[in-house]
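Colleague: Sequence below, structure please.
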Amino acid sequence: MIAKEGYPFIISALVATILFYIIPWFIWVTISLLLLALFLWFFRDPERNAPIEQDIAVSAADGKVVEVEEVEFKGEKYKKVGVFMNVFSVHVNRTPVTGTVTSIEHIPGKFVNASRKDASIINERNIITFDTKYGKVIAVQVAGLVARRTVSYVNVGDLMATGDRFGMIKFSSRVDHYFPLNAEIQVKVDDEVKAGESIIARFIEEI
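Modeller: Next up is the predicted model:
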């Protein structure tokens, strides 16, 4: 599958390829074909099979774990897992754990490299909060140096299942996960994870 956000890029590259072929202008045909291939790769949206276990949370993003720590966020304590996506990652983001979307907040900000720790608090970002039977779970889509557009597919009140698509970040960046303290983190820094499939936390108990 291809994420719908990629259609304008893919169609533009395809039209350019055809026009340059008709002219003909073969150097530009080659360039536009390369762009077409890159856009098809960047906006791919493969199916994922979420684990069937009920007490787990999966990664919301493909990429590398760059941060695991206990933090204070919005006045409450959470266990945070930051995942950095590179330009070759799948950019579609998936719901970490079954729950209802209770808020979506867009925060304007900068566009520094998303691998930086302070990117979580200074960059433009979307904060999506899920009410789950284990407590409040938050996914934050953080814009980056190249990725300057975060997209949310969901609305407040939507019931989401583990692994459902909830948005994307165009051309990579970072997703921060915030779990309640009754979660046991299952990953460490430098681990590679896949959105919708890799288990990154287990919940000790329901609330």
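Colleague: Give me the secondary structure label for the residue lying closest to residue 84 once chain neighbours are set aside.
Modeller: Counting by Cβ to Cβ, 6 or more residues apart in numbering, residue 84 lies nearest to residue 66, which is 4.6 Å off, once chain neighbours are set aside. (Each C-beta comes from the backbone N, C-alpha and C, glycine too.) Classification of residue 66 using DSSP: H, G, I helix; E, B strand; the rest coil returns strand.
Colleague: Now for residue 66, how many residues are close by?
Modeller: 19 (other Cβ atoms under 10 Å).
Colleague: same question, residue 159
Modeller: Quick note: residue 159 (other Cβ under 10 Å) scores 12 neighbours.
Colleague: The residue nearest to it when sequence neighbours are not counted: what's it in contact with?
Modeller: Distances taken as Cβ to Cβ, 6+ apart place residue 100 nearest to residue 159, at 5.2 Å, with adjacent residues excluded. Taking Cβ atoms under 8 Å, 6 or more residues apart in numbering as the criterion, residue 100 is in contact with 130-131, 157-160.
Colleague: got JSON lines for those residues, with pLDDT and distance to residue 88 too?
Modeller: Written out in JSON lines, the entries for those read as follows (pLDDT from 0 to 100; distance: Cβ to Cβ, whole Å):
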{"residue": "130", "pLDDT": "98", "distance to residue 88": "28"}
{"residue": "131", "pLDDT": "98", "distance to residue 88": "34"}
{"residue": "157", "pLDDT": "97", "distance to residue 88": "35"}
{"residue": "158", "pLDDT": "97", "distance to residue 88": "30"}
{"residue": "159", "pLDDT": "97", "distance to residue 88": "32"}
{"residue": "160", "pLDDT": "98", "distance to residue 88": "26"}
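Colleague: Just the buried residues from those, in PyMOL please.
Modeller: A single PyMOL command selects the buried members of the contacts of residue 100 (16 or more other Cβ atoms under 10 Å):
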select buried, resi 130+158+160
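Colleague: Out of the contacts of residue 100, which sit inside strands?
Modeller: 130-131, 159-160 (DSSP state E).
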